[in-house]
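Enquirer: Sequence and computational prediction follow.
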2 protein chains.
Amino acid sequence: MARTTGSDGEKTEAAVREAAVSLIARLGYEAMSMRQLAAEVGVQAAALYRYFPTKEDLLFTLMRGHMEGLLRAWEAARPASADPVTRLAAYVENHIAFHIERRHATHVSNMELRSLSHERLTQILRMRTAYEKELRTVLRDGAEAGAFEIDDTGLTAMALIQMMTGVIVWFRPGERLSIAEVTASYLSMTMRLVGATISHGTARPSGRAGDAVAL
Amino acid sequence: MARTTGSDGEKTEAAVREAAVSLIARLGYEAMSMRQLAAEVGVQAAALYRYFPTKEDLLFTLMRGHMEGLLRAWEAARPASADPVTRLAAYVENHIAFHIERRHATHVSNMELRSLSHERLTQILRMRTAYEKELRTVLRDGAEAGAFEIDDTGLTAMALIQMMTGVIVWFRPGERLSIAEVTASYLSMTMRLVGATISHGTARPSGRAGDAVAL
DNA sequence: GCACTAATAAAACGAACGTTCAATTAATTC
DNA sequence: GAATTAATTGAACGTTCGTTTTATTAGTGC
């Protein structure tokens, strides 16, 4: 009863991460035991400690990966265009697509922050702030260019992010609405919320094809 | 080593509830131990069981009280007027005021649902749905009356509620913005989001005095 | 095929958990 | 002021927790 046939470190680690995201999203970090996680992976609890020195290390690794992915996704989606409407549309589309695709991981990253040590919490919040700052910049540029009408850039950015991220609370793929429909609605609401002047036709973004719909 | 001088059941129960809301909001339900809670109240852990038979009973009691308070607050704030803009403004103002005043309890009610038994979860969700339905009704009536331009009433209601409730995540009383300023901004964003026709001057609501600001 | 390393199991650690129970004292009732 | 009730303590229960240690087997390099 020791090393099992076909065992592979990389596969086990990946399975642990995947199972952990799912379990933490469902039960919460504190409520998930290492034995439960191990059982889900099909391994003994002690085996987990070969990959993650502590339970909190596991949580932090998951969160950091999620935030890095979010920042990378936006870097890849960020349009070259300087047009504020195009840039805002790209932000909204990327945010919604990313969060719907990774509902569980987003849940973990948003709900379990209090289980991190102070130092690691700071690290995650720094990444989150950097991501939010991107939206504030788009909004401020747009307001200065006269494309948006915004009272308070910071407040508006927070309101938009909360609104968009909230999608993961109620949206279930395959139900009444498609991802494209949801994205189109949120895009429309966003543009109205920031008082976008209806230049560029109906603010049809350039971004990825297929998930944008006329407003 | 028994009953202490000046001890009073009602006061102790109230102190337990207050301390529990604060502790659960800060640490999370699973992470808060009954001994920790008892220490905060200045009592031994066993004393808590005189008021709440189990830890989950305590959580449920807090959540139910919070949701009942929210529904009652809306019933009291609901305007007699049939004007959609007035009704929507009242909903937004009540929602933001209530949630800012009870940040901790809202946190608990929104984040700890998974720690409830199935039956009790259903009970809380029923109340939440009833509250959300009030907003959907306002939106639908407004759309039918031509006062709002709304794609999808259900989706818009969820987006608005997420946006408004998100206030408790970043808002801290006494910082840059006052409650009145925040409420005014959210009111303005809400009206633009639903495409409110700018009837009734600038949608100046009738509701409570003092916390509404011209848009 | 032998030495070495990677991956796991099995068992155990002390600590903390929610909860219960019996004893004890303060307040209240008559 | 005795009897009764309300409020709490202190100690203990069995369980579960995250983690560590040791032993054992599967795969890898030569």
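Expert: That came in fine, so what should we check first? Numbers count the residues shown, from 1 in each chain, chains lettered A, B, ... in the order given.

Enquirer: quick one, what contacts A:Glu40?
Expert: A:Glu40 makes contacts with A:19, A:22-23, as judged by C-beta atoms under 8 Å, 6 or more residues apart in numbering or on different chains. Quick note: C-beta positions are derived from backbone N, CA and C, even for glycine.

Enquirer: Sticking with it, tell me its helix or strand.
Expert: A:Glu40 is part of helix A:34-41 when elements are defined by DSSP states H and E.

Enquirer: Average pLDDT for the helix or strand just after that helix, rounded please.
Expert: Where DSSP H and E defines the elements, the next helix or strand beyond helix A:34-41 is helix A:45-48. Averaging pLDDT along helix A:45-48 gives 95.

Enquirer: ok, the closest residue to DNA strand D within chain A - contacts?
Expert: Residue of chain A nearest DNA strand D, by C-beta to the nearest atom of the strand: A:Ala2 (2.0 Å). Taking C-beta under 8 Å, 6+ apart as the criterion, A:Ala2 is in contact with no other residue.

Enquirer: Could you name the specific helix or strand carrying it?
Expert: Assigned by DSSP H and E, A:Ala2 belongs to no helix or strand.

Enquirer: Among the contacts of A:Glu40, which one lies nearest to chain B?
Expert: Sorting those by how near they are to chain B, with C-beta to the nearest C-beta, puts A:Leu23 at the top with 11.6 Å.

Enquirer: what pLDDT does the closest one get?
Expert: pLDDT, A:Leu23: 98.

Enquirer: And for A:Thr61?
Expert: Spelled out, the predicted local distance difference test score at A:Thr61 is 97.

Enquirer: got it, and A:Lys11?
Expert: As predicted, A:Lys11 sits at a pLDDT of 84.

Enquirer: Could you tell me the phi and psi values at it?
Expert: Note on A:Lys11: its backbone torsions stand at phi -70, psi -40 [degrees, to the nearest 10].

Enquirer: now A:Thr54
Expert: Note on A:Thr54: its backbone torsions stand at phi -140, psi 170 [degrees, to the nearest 10].

Enquirer: quick one: the helices in chain A?
Expert: A:9-27, A:34-41, A:45-48, A:55-77, A:84-101, A:103-111, A:118-144, A:153-165, A:167-170, A:179-193, A:200-203 (DSSP state H).

Enquirer: could I get those as a markdown table with distance to B:Gly146?
Expert: A markdown table is the format used below for the helices of chain A (distance: least, C-beta to C-beta, whole Å):
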| stretch | distance to B:Gly146 |
| --- | --- |
| helix A:9-27 | 42 |
| helix A:34-41 | 53 |
| helix A:45-48 | 60 |
| helix A:55-77 | 37 |
| helix A:84-101 | 27 |
| helix A:103-111 | 36 |
| helix A:118-144 | 29 |
| helix A:153-165 | 25 |
| helix A:167-170 | 27 |
| helix A:179-193 | 16 |
| helix A:200-203 | 21 |
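
Enquirer: Would you identify the least confidently predicted of those helices, using mean pLDDT?
Expert: Taking the mean pLDDT of the helices of chain A, helix A:200-203 comes last: a mean of 42.

Enquirer: How about A:Ala147: what's its closest non-neighbour residue?
Expert: Once its chain neighbours are removed from consideration, A:Ala147 has its nearest residue in A:Pro84; the separation is 4.2 Å (C-beta to C-beta, 6 or more residues apart in numbering or on different chains).

Enquirer: And for the one you found, the neighbour number?
Expert: Burial measure for A:Pro84: 24 neighbouring residues, criterion other C-beta atoms under 10 Å in any protein chain shown.

Enquirer: how does chain A divide up, domain by domain?
Expert: Residue ranges for each domain of chain A read A:7-52, A:54-203, as given by automatic domain parsing.

Enquirer: Can you say which of the ones you listed is nearest to B:Arg72?
Expert: domain A:54-203 (24.1 Å; C-beta to C-beta).

Enquirer: A:Met32 against A:Val21, yeah?
Expert: No. In this structure, A:Met32 sits apart from A:Val21 without contact. The criterion is C-beta atoms under 8 Å, and the distance is 10.6 Å.

Enquirer: can you tell me how far the closest residue to A:His107 other than its chain neighbours sits from A:Thr153?
Expert: Setting aside the residues directly before and after it, A:His107 is nearest to A:Ala25 in space (C-beta to C-beta, 6+ apart), at 4.4 Å. In this structure, A:Ala25 and A:Thr153 are 32 Å apart, going by C-beta to C-beta, to the nearest Å.

Enquirer: Just list the residues touching A:Trp74, thanks.
Expert: Listed by C-beta under 8 Å, 6+ apart, the contact set of A:Trp74 reads A:91, A:94-95, A:131, A:134.

Enquirer: likewise A:Tyr186?
Expert: Applying C-beta under 8 Å, 6+ apart, the residues contacting A:Tyr186 are A:92, A:96, A:163-164, A:167, B:159.

Enquirer: Tell me the one of those nearest DNA strand C?
Expert: Distances from DNA strand C to those, taken as C-beta to the nearest atom of the strand, are shortest for A:Val167 (32.9 Å).

Enquirer: Can you get me a residue count around the closest one?
Expert: For A:Val167, the tally of surrounding residues (other C-beta under 10 Å) stands at 22.

Enquirer: any idea how far it is from A:Thr106?
Expert: A:Val167 sits at a distance of 10 Å from A:Thr106 (criterion: C-beta to C-beta).

Enquirer: Give me the common contacts of these two.
Expert: Any residue near both A:Val167 and A:Thr106 by C-beta under 8 Å, 6+ apart counts here, and that gives A:His99.

Enquirer: residue contacts, A:Arg120?
Expert: A:Arg120 makes contact with A:56, A:60 under the criterion C-beta under 8 Å, 6+ apart.

Enquirer: one more time with 10 Å, if that's ok
Expert: Residues in contact with A:Arg120 (C-beta atoms under 10 Å, 6 or more residues apart in numbering or on different chains) are A:56-57, A:59-60, A:63-64, A:113.

Enquirer: Highest neighbour count among those residues?
Expert: Busiest of the contacts of A:Arg120 [other C-beta under 10 Å] is A:Met63, holding 26 neighbours.
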